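K.L.:
A structural model of the following input is requested.
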Amino acid sequence: MNSYLQDKDIILRAPDLNDTDIMYKFENQTELWQFGSATGPYSHFALKQYIEQSQNDLFIDRQLRLMIEKNKEAVGIIDVYNFDPFHNRAEIGIVVDDSHRNEGIGKNALHLLSEYCFHRLYIHQLYAYIDEKNEESNSLFNACGFNPCAKLIDWIRADDGAYRTVQMVQKINPYENKT
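P.N.:
This is a model prediction of the structure:
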């Protein structure tokens, strides 16, 4: 296993067909749809096709989805997506199962994936959009060195029909030669 993608507590690994149930659970949590672009549920069949067809290579698929595994159990998903190879930046998102929150898993996963993106993939910038009322996510990204860079008014439409403001956060590759 690549040491970039593991620490003493968790492993970040490619999805396999055994993960369709947990992916199905996360992708079909309608309360999370407002933070992404989903407009309908995913089937097990669609998730199976995704796993089978994905190269899980950021440069080919323009996204990289990894399962967060703790004690041989998939407990979350972390993604790098909206990859822009010209500007060398990508968006990052994470979800951890409710039963495993507040265990440091999100922080470990976000740190591991950021380091992998900066050291191995040579990404210049990672960013995320976070509902300004989502204190847990704002705290997580802040703790991992992501800095606020923009406030986007009425950026996402919530389930109640109201528009919410998001904080855009970013992390620039700290290892790049800045000559």
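
K.L.:
what's next to the lowest-mean-pLDDT helix or strand in the chain, contact-wise?
P.N.:
Ranked by mean pLDDT, DSSP states H and E, the weakest helix or strand in the chain is helix 30-33, scoring a mean of 78. With contacts defined as Cβ atoms under 8 Å, 6 or more residues apart in numbering, helix 30-33 is touched by 26, 38-39, 95, 159. Using the backbone N, CA and C atoms, a C-beta is placed for each residue, glycine as well.

K.L.:
of the residues you listed, buried ones?
P.N.:
26, 95 (16 or more other Cβ atoms under 10 Å).

K.L.:
now for the contacts of helix 30-33: which two are most distant?
P.N.:
The span of the contacts of helix 30-33, defined through Cβ to Cβ, is set by 39 and 95 at 17.8 Å.

K.L.:
can you map out the strands along the chain?
P.N.:
Assigned by DSSP state E, the strands in the chain fall at 11-13, 64-70, 73-84, 89-96, 125-131, 147-157, 163-172.

K.L.:
and those strands as TSV, adding mean pLDDT and distance to residue 116?
P.N.:
Listed next are these as TSV, based on pLDDT from 0 to 100; distance: least, Cβ to Cβ, whole Å:
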stretch	mean pLDDT	distance to residue 116
strand 11-13	97	8
strand 64-70	96	9
strand 73-84	96	9
strand 89-96	96	11
strand 125-131	96	11
strand 147-157	94	20
strand 163-172	95	13
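
K.L.:
not counting residues beside it along the chain, what's closest to the residue nearest in space to the middle of the chain?
P.N.:
The chain has residue 93 as the residue nearest its centroid, 2.3 Å off, counting by Cα atoms, centre = their mean. The shortest distance from residue 93 to any non-neighbouring residue, by Cβ to Cβ, 6 or more residues apart in numbering, is to residue 79 (4.9 Å).

K.L.:
is that neighbour in a bridge, and if so with what?
P.N.:
residue 65, residue 93 (DSSP bridges).

K.L.:
and for the one 10 residues further on?
P.N.:
Per DSSP bridges, the residues bridged to residue 89 are residue 84, residue 125.

K.L.:
other residues contacting the helix ranked longest in the chain?
P.N.:
Assignment by DSSP state H gives helix 105-119 as the longest helix of the chain. Identification of contacts with helix 105-119 by Cβ under 8 Å, 6+ apart yields 2, 4-7, 9-10, 12, 66, 68, 70, 75-76, 78, 80, 90, 92, 94, 96, 123, 126, 140-141, 143-145, 171, 173-176.

K.L.:
mind checking which of those residues are buried?
P.N.:
Using 16+ other Cβ under 10 Å as the threshold, 4-5, 10, 12, 66, 68, 70, 75-76, 78, 80, 90, 92, 94, 96, 123, 126, 140-141, 144, 171, 173 are the buried ones among the contacts of helix 105-119.

K.L.:
show me the contacts for residue 137.
P.N.:
Residue 137 touches 128, 130-131, counting by Cβ under 8 Å, 6+ apart.
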